[in-house]
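S.K.: Model the following, please.
(one chain, ligands or ions: 1)
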Amino acid sequence: MQELMFLGLFVLALAIGWFLGRREAIKVGFMLKPNGSAVDRQYFIGLNYLLNEQPDEAIETFIRALEVNPETVETHIAIGKLFCQRGDVERAIKVHQNLLARPNLTAPQADRVQLELARDYLAVGMHQRAERLLEELAGSISLLRADALVDLVTVYEQQHEWQRAIEIGRRLIREQPQFGVTLAHYHCEMAVAALQQRDVNQARSWLQAALKIDDGSVRAMILLAELEEKAGNLKALPSLLQRIAINSPEFVPEVLALARRCADNGALNLTSYLDQALAQPGQPPVKTLLARAQQMCGERGREAAEMFMLQRLEVQPSVAGVLGLLELRDDGQAQSEVLAPLQLLEVLQRKRPQYRCEHCGFAGHSLYWQCPSCQGWSTVKPLKGHELV
Ligand SMILES: [Zn+2]
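M.R.: Below is the predicted model of the structure:
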């Protein structure tokens, strides 16, 4: 079915291209002869192949029949692109190479063909050739230089060549400031590699550079907080944790364990910290609410903590919240008749996804900084625990 649709589209594209080419040729005063030109004959031979269900031969003949002139260049580019999308990259390369060899292309047309040819090479894994074409385009004054930089940075990203990706990303950010979010992640990747080499100072400077590029990079903040804790630099932790609470309160549960350790060492007031996180606009994560209730339980007793949770659950009902409330009430002597249903509820709760991509909807139990489904950076966010999923 898909094959048929492709063929239909292909023939339509060719027919339009052929018509345009023919019109252009008439304008310049050649081609039409009393008995039909060579182009006409090629076209009908192609049609014959198509009727005889020989699509490959038909395609070859149609391409030969389609004149390359300023009005049909776009059709040729589209045909090559269609081949590439269909997986017939060899043929796409042939079409685009053939086009690029034409001396009568305008500079923007040549740039478009060069970009498409580079994409063909990428599709078959001929990275060096693709990189050469893309580098040339990226260094030019072409309007497509940002597209070339995006393609180049994607290649290095896929190969985990973070240093090269950063070099290209720094050029791309001048054209597309929103690329800063991704560029900060590349710096975080370098920091993770430095940490694996136990080079704390190098890792710290990569993370500080990430925050300079994207001051809202929660990944850089979390990594830096973990690094400073390991380095015994506890004084640096409160300001980092507070930045997370203010900029990205949905990520507070990710640093709760660290915040608790920090509080145990006397470097952070956990109650104030949680209050600060809960004061941010929007509904807070259930885990932050439960942590605050546990603090309250220790400070003002179980009843006050239960009241706090009940009030918040009325506004923001959730299974996780109810389970947390029951845990607060549990004195270790849970009634046997409610134990089994409670355990079932806990199993159901554990099965719920904890994270979801805001771009493609991918959901899972792990936090990915790059979505494994749509490859978006910073698109996977922690679920707050009260969503109806
Ligand atoms: Zn996604």
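
S.K.: quick one: low-confidence parts of the stretch 101-250 of the chain?
M.R.: In the predicted model of the stretch 101-250 of the chain, no residue satisfies pLDDT under 70.

S.K.: which residue ranges form the helices in it?
M.R.: Remark: helices assigned in the stretch 101-250 of the chain by DSSP state H, counting those that start in this stretch are 107-123, 127-138, 145-158, 162-175, 180-196, 200-213, 218-230, 237-247.

S.K.: Quick check: which of the ones you listed is nearest to Lys351?
M.R.: Taking Cβ to Cβ, helix 218-230 is the member of those nearest to Lys351, at 25.9 Å. From N, CA and C alone the C-beta is placed, and that goes for glycine too.

S.K.: I'd like to check the angle between the closest one and helix 200-213, please.
M.R.: Using axes from the mean of the first three to the mean of the last three Cα atoms, to 10 degrees, the inter-axis angle of helix 218-230 relative to helix 200-213 is 150 degrees.

S.K.: I figured Cys84 was touching Ala123, is that so?
M.R.: Yes: counting by Cβ atoms under 8 Å, Cys84 does reach Ala123; the two are 5.7 Å apart.

S.K.: and the two? which has more neighbours close in?
M.R.: For Cys84 against Ala123, the residue with the higher neighbour count under other Cβ atoms under 10 Å is Cys84, and the figures read 23 against 15.

S.K.: And the average pLDDT for the strand or helix carrying that one is what?
M.R.: Secondary structure here is read from DSSP states H and E; on that basis Cys84 sits in helix 73-86. The average of the pLDDT scores along helix 73-86 is 81.

S.K.: now do stretch 366-386
M.R.: In this model, stretch 366-386 has an average pLDDT of 94.

S.K.: how about it: buried residues?
M.R.: Taking 16 or more other Cβ atoms under 10 Å as the neighbour-count basis, stretch 366-386 is seen to contain the buried residues 369-371, 373, 376-380, 382-386.

S.K.: related to what we said a few turns ago, of the helices of the stretch 101-250 of the chain, which approaches the ion most closely?
M.R.: Shortest separation from the ion across those is recorded for helix 180-196, at 13.7 Å, computed as Cβ to the ion.

S.K.: can you give me how far that closest one is from the chain middle?
M.R.: How far helix 180-196 lies from its chain's middle: 15 Å, per Cα atoms, centre = their mean, to the nearest Å.

S.K.: thinking again about what came up before, so what angle separates the directions of the helix holding Cys84 and helix 107-123?
M.R.: Following the same axes, to 10 degrees, one obtains 10 degrees for the angle between helix 73-86 and helix 107-123.

S.K.: and helix 73-86, C-alpha only, in CSV?
M.R.: This file holds the C-alpha atoms of helix 73-86, laid out as CSV (Å, rounded to 0.1, in the frame of the first residue of the first chain):
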residue,chain,number,x,y,z
VAL,A,73,15.5,21.6,-10.0
GLU,A,74,13.1,21.5,-7.1
THR,A,75,11.3,18.4,-8.6
HIS,A,76,14.7,16.7,-8.9
ILE,A,77,15.6,17.6,-5.3
ALA,A,78,12.1,16.3,-4.2
ILE,A,79,12.6,13.0,-6.1
GLY,A,80,16.0,12.5,-4.5
LYS,A,81,14.5,13.2,-1.1
LEU,A,82,11.7,10.7,-1.7
PHE,A,83,14.2,8.0,-2.6
CYS,A,84,16.2,8.7,0.6
GLN,A,85,13.1,8.5,2.7
ARG,A,86,12.1,5.3,1.0
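
S.K.: next helix or strand past that helix?
M.R.: helix 89-100.

S.K.: What is that following helix packed up against?
M.R.: Taking 3 or more Cβ pairs under 8 Å, 6 or more residues apart in numbering; DSSP states H and E as contact, the helices and strands that helix 89-100 lies on are helix 73-86, helix 107-123.

S.K.: Report the angle between the last one and helix 145-158.
M.R.: Just to be clear, that refers to helix 107-123. Between helix 107-123 and helix 145-158, the angle comes out at 10 degrees (the same axes, to 10 degrees).

S.K.: any idea of the mean pLDDT for the host helix or strand of Leu342?
M.R.: Here Leu342, judged by DSSP H and E, is contained in helix 336-351. Along helix 336-351, the predicted local confidence has a mean pLDDT of 80.

S.K.: in that helix, what counts as buried?
M.R.: When burial is assessed from 16+ other Cβ under 10 Å, helix 336-351 yields the following buried residues: Leu342.

S.K.: likewise stretch 142-156?
M.R.: Counting neighbours by 16+ other Cβ under 10 Å, one finds that the buried residues in stretch 142-156 are 142, 144-153, 155-156.
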